[in-house]
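K.L.:
make a model of this:
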Amino acid sequence: MENKSNDSLTRPIADPFALQSGVAIRMGSDRDGIPNSTISVVHPAGLSTETQQTSGSLRMSAIAAMNGILSSLWAGIFVVEPSGKTGIHHHGEQDTVVYVLEGEATVRWGDFGEHSATVRAGDFLHVPAWLPHQELNPSKEQPFRWVVVRSTSEPIVVNLPDDFWPTA
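P.N.:
Residues are numbered from 1 along each chain as shown. The predicted model follows:
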């Protein structure tokens with residue numbers, strides 16, 4: 001059996017790739033096509049509350065254009081205080097992925113808020129685009145805190161009326 005060289009494996013790596021320590025690294029680019037080769041760090045003091053909010057909660061943006069970080073995603077922290085609940089809302093075209101840092105929350109969704117799930121520290125949660133939902137904190141002592149990542153660069157929050165779901 002003859003061992004032939006595979007050109008796709010042996011040819012040099014060219015721009016926009018770089019070779020460092022035998023590892024190919026592709027340089028990202030921002031929206032203007034200019035190479036983006038900077039890692040951004042947002043410390044807790046750099047979180048911004050100047051983002052769309054829903055009653056009963058606090059959103060703080062981290063990875064966002066308003067913080068000088070150009071990305072195709074948005075990320076931040078979400079907090080609901082003890083015994084608190086958010087207003088009913090959705091995030092338009094955005095998918096949302098959550099990682100629960102601390103606490104416990106009940107998430108309601110559906111045409112009438114008829115479905116629910118409980119999430120705790122260490123859990124992941126996916127909220128599909130356009131899905132009306134609400135978060136409730138059952139604890140009387142501990143807030144819940146989430147890391148939130150959204151599928152577009154600007155956070156979309158559509159707050160719905162309090163009577164969006166009829167009461168039983």
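
K.L.:
every contact and neighbour count from this point should use C-alpha atoms.
P.N.:
Fine.

K.L.:
now do the SS call for the residue most central in space within the chain.
P.N.:
Among the residues of the chain, the one closest to the centroid is Val149, at 0.8 Å (Cα atoms, centre = their mean). Here Val149 is strand, with the state taken from DSSP: H, G, I helix; E, B strand; the rest coil.

K.L.:
contacting residues for it?
P.N.:
73-76, 96-98 (Cα atoms under 8 Å, 6 or more residues apart in numbering).

K.L.:
now render those as CSV, adding secondary structure.
P.N.:
Listed next are those as CSV, based on three-state DSSP:
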residue, secondary structure
Leu73, coil
Trp74, strand
Ala75, strand
Gly76, strand
Thr96, strand
Val97, strand
Val98, strand
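
K.L.:
now flag whichever of those is closest to Gly113.
P.N.:
Thr96 (18.2 Å; Cα to Cα).

K.L.:
state the distance from the nearest residue to the closest one once chain neighbours are set aside to Val158.
P.N.:
Distances taken as Cα to Cα, 6 or more residues apart in numbering place Arg150 nearest to Thr96, at 4.6 Å, with adjacent residues excluded. Per Cα to Cα, to the nearest Å, Arg150 is found 14 Å from Val158.

K.L.:
higher neighbour count, those two?
P.N.:
Shown here are Arg150 and Val158; by other Cα atoms under 10 Å, Arg150 has more neighbours (22 against 16).

K.L.:
isn't that one right next to Asp95, touching?
P.N.:
Yes - contact criterion Cα atoms under 8 Å: Arg150 and Asp95 qualify, at 5.9 Å.

K.L.:
and the strands in the chain, which stretches?
P.N.:
Using DSSP state E, the strands of the chain run over 17-20, 23-26, 28-29, 35-36, 58-63, 74-80, 89-90, 96-102, 104-109, 115-120, 124-127, 133-136, 144-150, 158-159.

K.L.:
indicate which one of those strands is closest to His43.
P.N.:
Across the strands of the chain, His43 has its closest neighbour in strand 58-63 (8.4 Å, Cα to Cα).

K.L.:
hmm, back to that, okay, and the beta partners of the residue nearest to the centre of the chain?
P.N.:
In this entry, Val149 is beta-bridged to Ala75, Val97, by DSSP bridges.

K.L.:
swap in Leu136?
P.N.:
Lys85, Thr106.
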